[in-house]
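*Asks:* Could you look at this predicted model? Sequence included:
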Amino acid sequence: MAPMQAKVSKKGWVVIPAPLRKRFGLTPGTVVELREEEGKILILPRTEDSVKELYGQLAGKISLTDALLESRAREREKEEIRTG
């Protein structure tokens, strides 16, 4: 994405350009976190609900429960073979 500019108003307001608002899902009322790191100002989108923020992060990935059950089944089979 090409660099964009914004101007700071007398009140200290900065308007985030529309393409960035759309890309990061910033809608009216969205809370953002401001941080200073290495001489830069970072604007980080925040959600009010941490569960909503994480929802869907593992979608489509392997189920950890299923992976654990499969691993236990393999261990059980090996144990049965050893004890015969």
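*Replies:* On my side now, so go ahead.
*Asks:* Could you identify the helix or strand that succeeds the helix or strand of the chain with the lowest mean pLDDT?
*Replies:* Lowest mean confidence among the helices and strands of the chain (mean pLDDT, DSSP states H and E): helix 50-54, at a mean of 65. As assigned by DSSP states H and E, the chain's next helix or strand after helix 50-54 is helix 64-83.
*Asks:* Below-threshold pLDDT in this structure: ranges please.
*Replies:* 47-55, 57-58 (pLDDT under 70).
*Asks:* and with 90 instead?
*Replies:* For the chain, the stretches flagged by pLDDT under 90 are 1-2, 24-25, 29-31, 44-68, 78-84.
*Asks:* L42 in helix, strand or coil?
*Replies:* Put simply, L42 is strand when judged by DSSP: H, G, I helix; E, B strand; the rest coil.
*Asks:* Bridged to it, which residues?
*Replies:* Taking DSSP bridges as the rule, L42 bridges to R35.
*Asks:* surely it meets V32?
*Replies:* No - in this structure, L42 is not within contact of V32 by CB atoms under 8 Å, at 9.6 Å. Yep, even glycine has a C-beta here, placed from its N, CA and C like the rest.
*Asks:* May I have the phi/psi pair for the spatially closest residue to M4 that is not a sequence neighbour?
*Replies:* Once flanking residues are discounted, M4 sits nearest to P17: 4.6 Å by CB to CB, 6 or more residues apart in numbering. The phi/psi pair for P17 (degrees, to the nearest 10) reads phi -60, psi 140.
*Asks:* Great, nothing more from me.
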